[in-house]
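# Predicted model follows, preceded by the sequence.
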Amino acid sequence: MVDLATTYMGMSLKSPVVPSASPLSAELDNIKRMEDAGAGAVTLHSLFEEQIESEAEALAYYMERGTEMYQEALTYFPPVQDYRREPEEYVEHIRKAKEAVDVPIIASLNGITPGGWISYAKRFEEAGADAVELNVYFIPTNFHLMSYDVEDLYVKIMKKVKSQVTIPVAMKLSPYFSAMPHMASMLDAEGADGLVLFNRFYQPDLDIENLEVTPNLILSRSAEMRLPLRWIAILYGHLDASMALTTGIHTPEDVIKAIMAGADIANVCSVLLKGGIGKISELVTGLTLWMEEHEYSSIEEMKGSLSHKAVAEPTAFERANYMKVLLSVPSTITI
């Protein structure tokens, strides 16, 4: 009997397959189905900084409108905290999820400034969330912004949230930092409990007929996991923080590669959006069968076995791979 248990940010998980933030987790029944299918934990859909800030601004406007004219008007409405708003519904969703399932619930907070929205992390903890994942979905379009400023933004947000809560905090990173090991080590040194590699930016498209910029959702493929796979393999053994591989997990073999590179968990999203929540069960079953066939007794035995520090040729993760790929292209191919 193989042991699929893993530890992520100090939390004990029954399996390394964890649904990442997506609209699927907005429904309580889906969260229950994820647990039943074998998910080790569930990351909830994100609460966005813009939702929190805009709701607060709109409420303040309508609460204060006209009160400068009639003092008694201030008593017409209940206190602000009594109003039910979307952020409040998210907090309530955490409470209901915790009551409904036994697996850890990871709340997701998405923003780009060290502002008041960060205080919601404390609300998440009070509602019962087992951890918080920070998704800093930031596109630096300011030409005067230096690379250090971008890195510092991530660190400041993470430190601010860590000061608010006692539960574990993970930072979801993009792959576009010029010195990824340094960025990861900075967050690790400042107390990040986990790093999620990598955030998958959804690039907009151009509508040339209507002259508009349009959203364009393209789900991931297994080949896309190679980028986070490489960096997790390089970072493994050098950080105290846990690591999650996200992007491109579609098959049991993908999960196995993530674990062998050094990830504690494999986040899944596109595969569930394409094939349904039942795909979790297929991944867990396939992982179990492969481990039995190859005589692995536990996830811990596999973890990091193909990392940069464990393989015979660590340069395969560096320039050597680039050179071998180019040299392997047949000269007869016409480009």
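Ah, there it is. For clarity, every value in this text was computed on a predicted model and none was experimentally measured.
# quick one: the strands in the stretch 101-250 of the chain?
105-110, 131-135, 169-173, 194-197, 205-207, 212-214, 242-245 (DSSP state E, counting those that start in this stretch).
# will you turn those into CSV that also has mean pLDDT and mean neighbour count?
Just so you know, the C-beta spots here come from the backbone N, C-alpha and C atoms, and that holds for glycine as well. Output for the strands of the stretch 101-250 of the chain, formatted as CSV (pLDDT from 0 to 100; neighbours: other C-beta atoms under 10 Å):
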stretch, mean pLDDT, mean neighbour count
strand 105-110, 96, 26
strand 131-135, 96, 26
strand 169-173, 97, 25
strand 194-197, 98, 26
strand 205-207, 88, 12
strand 212-214, 90, 9
strand 242-245, 98, 26
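# excluding its backbone neighbours, what's nearest E92?
Nearest non-adjacent residue to E92, counting by C-beta to C-beta, 6 or more residues apart in numbering: A127, 7.4 Å away.
# Tell me the gap between stretch 189-197 and the middle of its chain.
Using C-alpha atoms, centre = their mean, to the nearest Å, the mean C-alpha position of stretch 189-197 is found 12 Å from that of the whole chain.
# From one end of it to the other, what's the distance?
Distance between the two ends of stretch 189-197: 17 Å, counting by C-alpha to C-alpha, to the nearest Å.
# can you list contacts of it?
Stretch 189-197 has contacts (C-beta atoms under 8 Å, 6 or more residues apart in numbering) with 8-10, 20, 131, 133, 155, 158-159, 162, 168-173, 175, 184, 187-188, 228, 231-232, 235, 239, 241-246, 264, 267.
# for the record, mean pLDDT for the helix ranked longest in the chain?
Among the segments of the chain that qualify as a helix by DSSP state H, the longest is helix 147-164. Averaging pLDDT along helix 147-164 yields 93.
# Just the buried positions in that helix, please.
V150, E151, L153, Y154, V155, I157, M158, V161, K162, Q164 (16 or more other C-beta atoms under 10 Å).
# Which of these sits closest to L287?
Of all the buried residues of helix 147-164, L287 sits closest to M158, with 30.9 Å by C-beta to C-beta.
# distance of the closest one from I105?
Distance, M158 to I105, by C-beta to C-beta, to the nearest Å: 20 Å.
# low-confidence ranges in the stretch 1-150 of the chain?
54-85 (pLDDT under 70).
# if you go through it in chain order, where are the helices?
Using DSSP state H, counting those that start in this stretch, the helices assigned to the stretch 1-150 of the chain run over residues 28-37, 49-64, 86-100, 120-127, 147-164.
# Helices along the stretch 201-335 of the chain, start to end?
So, for the stretch 201-335 of the chain - with DSSP H, counting those that start in this stretch - the helices run 226-235, 252-261, 270-275, 279-293, 299-302, 319-328.
# Tabulate those helices in CSV, adding columns for mean neighbour count.
Below are the helices of the stretch 201-335 of the chain laid out as CSV (neighbours: other C-beta atoms under 10 Å):
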stretch, mean neighbour count
helix 226-235, 22
helix 252-261, 23
helix 270-275, 18
helix 279-293, 18
helix 299-302, 18
helix 319-328, 10
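# May I see those helices arranged in TSV, with distance to G194 and mean pLDDT as well?
Formatted as TSV, these follow (distance: least, C-beta to C-beta, whole Å; pLDDT from 0 to 100):
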stretch	distance to G194	mean pLDDT
helix 226-235	12	96
helix 252-261	14	98
helix 270-275	21	96
helix 279-293	20	98
helix 299-302	16	97
helix 319-328	27	57
